[in-house]
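Q: The sequence and its predicted three-dimensional model are supplied below.
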Amino acid sequence: MGDDSLELRQVAYSHEHAAVLTKHAQDHYRKIYGGPDTSPLETSDFTPPRGAFFLGYAAMDPVVMGGWRSHPPLEGWAPQSPAEIRRMFVHPAYRGRGFARKLLRTLEDSAHLAGADAMMLETGFVQVDAVGLYRACGYVEIPRFGHYADAEGSLHLGKLLATE
């Protein structure tokens, strides 16, 4: 099944469906990491123009989510206006349909329109499918940053956005 059956909507991170998917994401992290994601996050991080948050629906069910927030430049990495991807998650029952790739492209386009010159993220090596997606979409290792900068098993990836 292709990604054409996914409807993406920009919403506030406080949206009730974001809370439902966040619970699923935290349950997933508990299974693979032994605990939830503890990185600090505020609803206001995703408020335009310094951020945005999206929910994706398949047959009216919330099945994907993700957002970006503006981030200060990283020492050792050229971009001056990067955006950090946060809370990107696809419900397990809907994986393998191209939904993550469609959401990622939407996040990149949205951030670029808001002035970002690069995207960056933290993930874990254990999230093999996510790492594969990011690498296939042009993400490469960048200097370590953020809440998991010193965490063993964390991976820090980034991608320059088109300048046209």
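A: Done, it's in.

Q: what about residue 78, distance to residue 104?
A: 21 Å (CB to CB, to the nearest Å). The C-beta positions use only the backbone N, C-alpha and C, and glycine is treated the same way.

Q: cool, residue 124 as well?
A: In this view, residue 124 and residue 104 are 17 Å apart by CB to CB.

Q: the more surrounded of those two?
A: Set residue 124 next to residue 104 and count neighbours by other CB atoms under 10 Å: residue 104 wins out with 23 against 18.

Q: need the helices for the protein, in chain order.
A: 16-33, 99-113, 128-136 (DSSP state H).

Q: packing partners for the second one?
A: So that's helix 99-113. strand 7-11, strand 51-58, strand 61-70, strand 82-90, strand 118-124, helix 128-136 (3 or more CB pairs under 8 Å, 6 or more residues apart in numbering; DSSP states H and E).

Q: How about the first one?
A: Contact analysis of helix 16-33 by 3+ CB pairs under 8 Å, 6+ apart lists strand 51-58, strand 61-70, strand 82-90 as its packing neighbours.

Q: Does the first one pack against any helices or strands, and if so which?
A: The reference is to strand 51-58. Strand 51-58 is packed against strand 7-11, helix 16-33, strand 61-70, helix 99-113, with contacts defined by 3+ CB pairs under 8 Å, 6+ apart.
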